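Trainee: I would like the atomic coordinates for the input below:
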Amino acid sequence: MKTLQRGAILVAGLVTAVLATGCSSMSDCQKGTAVGAGVGGVAGSVLSGGSTAGTVGGAVAGGLLGAGGRCN
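Mentor: Residues are numbered from 1 along each chain as shown. Just a heads-up that it's a prediction; the model follows:
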């Protein structure tokens, strides 16, 4: 079950990253934030064993890091 859950989380993160980078009308700020949130959410979920708080916390942290000062 854990392997299946990790695989699903990984696939969801990769799909999020691909979709976010494929949006040509998005600004660099929006792209960085979206990709960071997707990757952070996956990392938070994996590190916390799939907890909701870990996933949300990772997504928030990843979004902030993904913006990386490009946003005004």
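Trainee: Report the residue spans of the protein with pLDDT below the cut-off.
Mentor: For the chain, applying pLDDT under 70 flags the ranges 1-4, 20-23, 70, 72.
Trainee: For the most centrally placed residue in it, give me its contacts.
Mentor: In the chain, the C-alpha nearest the mean C-alpha coordinate belongs to residue 38, at 1.3 Å (Cα atoms, centre = their mean). If a contact means Cβ atoms under 8 Å, 6 or more residues apart in numbering, then residue 38 has 12, 13, 16, 17, 20, 59, 62 as its contacts. For the C-beta atoms, the positions are set from N, CA and C on the backbone; glycine is no exception.
Trainee: quick check, nearest of those residues to residue 50?
Mentor: Closest to residue 50 out of the contacts of residue 38 is residue 12 (12.0 Å), distances taken as Cβ to Cβ.
Trainee: now the closest one, nearest residue through space, not along the chain?
Mentor: residue 42 (6.8 Å; Cβ to Cβ, 6 or more residues apart in numbering).
Trainee: wouldn't that neighbour be in contact with residue 58 here?
Mentor: Yes - using Cβ atoms under 8 Å, residue 42 is in contact with residue 58, at 7.3 Å.
Trainee: Kindly provide the distance from the residue nearest to the centre of the chain to residue 61.
Mentor: Separation of residue 38 from residue 61 (Cβ to Cβ, to the nearest Å) stands at 12 Å.
Trainee: cool, and residue 68?
Mentor: Applying Cβ to Cβ, the value for residue 68 to residue 61 is 12 Å.
Trainee: Looking at those two now, which is surrounded by more residues?
Mentor: Neighbours were counted for residue 68 and for residue 61 using other Cβ atoms under 10 Å; residue 61 has more, 16 against 12.
Trainee: contacting residues for the more buried one?
Mentor: 40, 44.
Trainee: which element is it on?
Mentor: helix 52-67 (DSSP states H and E).
Trainee: re the thing from before, please name the spatially closest residue to the residue nearest to the centre of the chain (chain neighbours excluded).
Mentor: Nearest-residue entry for residue 38: residue 16, 3.2 Å, with adjacent residues in sequence omitted and distances by Cβ to Cβ, 6+ apart.
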